[in-house]
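Enquirer: What follows is a predicted protein model with its sequence.
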Amino acid sequence: MRFRVLGPVSLSPRTPSAAKPRALLATLLVRVGEVVSAHSLIDELWGTEPPRTATTTLQVYVSQLRKVLAEGGPDDSAPGVLLTRAPGYVLQVPGKEREFDLPCFERLRAEGRAASQERDFARASRLLHDALALWTGPALSGIPHGVRLESAAIRLDELRMEVLEQRIVADLRLGRHQEL
């Protein structure tokens, strides 16, 4: 997977090194496929008192991120495309289920929940275990959080706990008391 938010924010093969461009990437990733207004991005990066040059600086960060995205992977295919769409920007990730940990986690979570409801606890445990294995630390770590990213990080960490609880229940139903 190329995009990671379930732990430190990263983009392989190369993650932007500066904190604000990584925060820009994270903000776009938690809303992948949606237009995020330039105003929202400025609020996220600088809070209530942005510098006078915030719009220009945001454009520079977007340009830098586009260059990183254009580098592509080992097969020279771009892992994502950052488009300008009024009133801001939209990040598109082709094949995001394979390239991005969050949609993969969400799919495994939904399938694990469905398996639990069907009382297929072995399958539920396996799916939920796989979902948890995608995590490498606290959500969206390694970057400064504005209001939106803080809210997203809290929501994702709560989903992680929910999946852990569901996996424990599935394991208990399978009689794995000793292992737990």
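Expert: Arrived safely, thanks for sending.

Enquirer: Just checking the distance from the helix or strand where residue 24 lies to the centre of its chain.
Expert: Using DSSP states H and E, residue 24 sits within helix 19-29. Remark: helix 19-29 is offset 10 Å from the chain centroid, using C-alpha atoms, centre = their mean, to the nearest Å.

Enquirer: tell me how far the helix or strand of the chain with the lowest mean pLDDT is from the chain's mean position?
Expert: Ranking every helix and strand in the chain by mean pLDDT, DSSP states H and E puts helix 96-99 at the bottom, with a mean of 79. Taking C-alpha atoms, centre = their mean, one finds helix 96-99 lying 11 Å from the centre of the chain it belongs to.

Enquirer: Show me what the helix holding residue 24 packs onto, helices and strands only.
Expert: Contacts defined by 3 or more C-beta pairs under 8 Å, 6 or more residues apart in numbering; DSSP states H and E place helix 19-29 against helix 38-46, helix 54-70, strand 88-92, helix 147-173. C-betas here are computed from N, CA, C, even on glycine.

Enquirer: just the CA coordinates of it, formatted as PDB?
Expert: What follows is helix 19-29, C-alpha atoms only, in PDB (Å, rounded to 0.1, in the frame of the first residue of the first chain):
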ATOM      1  CA  ALA A  19       5.200  18.800   8.500                       C
ATOM      2  CA  LYS A  20       2.700  21.100   6.700                       C
ATOM      3  CA  PRO A  21       2.800  19.300   3.400                       C
ATOM      4  CA  ARG A  22       2.300  16.000   5.300                       C
ATOM      5  CA  ALA A  23      -0.700  17.500   7.100                       C
ATOM      6  CA  LEU A  24      -2.000  18.600   3.700                       C
ATOM      7  CA  LEU A  25      -1.600  15.100   2.400                       C
ATOM      8  CA  ALA A  26      -3.400  13.700   5.500                       C
ATOM      9  CA  THR A  27      -6.300  16.200   5.200                       C
ATOM     10  CA  LEU A  28      -6.800  15.200   1.600                       C
ATOM     11  CA  LEU A  29      -6.500  11.500   2.400                       C
END
